[in-house]
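A.B. asks: Build me a model:
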Amino acid sequence: MNDAVCVDASLIVSLLIPDSHTEKASALWQAWIDDDLHVLAPSLLGYEVTSAIYRRVSAGGIEPADGQAALEQFLAMYIETIHAPDLHPKATALARRFGRPDALDAHYLAVADHFACPLWTADEGLYDTVKCSLDWVRWVGEPEAAGKS
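C.D. replies: The predicted structure follows:
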């Protein structure tokens, strides 16, 4: 699907809670909207984003009201979540191939692979693990990231 991008929870959290990648993530998001791209993610996205926001609030990194606002902003974003049981075996194979400790990140890889679109992440560890084999995985910290889609 040439008119789509897949996003992972780390990228969405960077959009919602200011960090070192927020500016580039916001520029990417705006470019995707301007280009009328479909933003895709596996159905686990909501669980991971909610959990990440909660962890930040629990750790005292953000105020509860800011966490609530971030969650509301996330719920208002249009991201097509993909629930396809046939992605689970693909995610398991990808997790095994790249020696991942679990298959969560691999579900994002599986969605991007299934729809033949780039996966955008703010998870540098994931990116470093797969970048030599999966050239369609993009890290928001790449110097040219704001110009890509």
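
A.B. asks: What mean pLDDT does the stretch of helix or strand residue 46 belongs to get?
C.D. replies: Element membership for residue 46 (DSSP states H and E) is helix 45-58. Mean pLDDT, helix 45-58: 98.

A.B. asks: The protein: helices as residue ranges?
C.D. replies: Secondary structure of the chain by DSSP state H: the helices cover 9-16, 22-34, 45-58, 64-76, 87-97, 104-115, 124-130.

A.B. asks: Of those helices, give the one that comes closest to residue 143.
C.D. replies: helix 22-34 (9.7 Å; Cβ to Cβ). All C-beta atoms are positioned from the backbone trio N, CA, C, and that covers glycine.

A.B. asks: Could you measure from the closest residue to residue 17 other than its chain neighbours over to residue 35?
C.D. replies: In space, and not counting its chain neighbours, residue 17 is closest to residue 70: 5.6 Å by Cβ to Cβ, 6 or more residues apart in numbering. Distance of residue 70 to residue 35, given as Cβ to Cβ, to the nearest Å: 25 Å.
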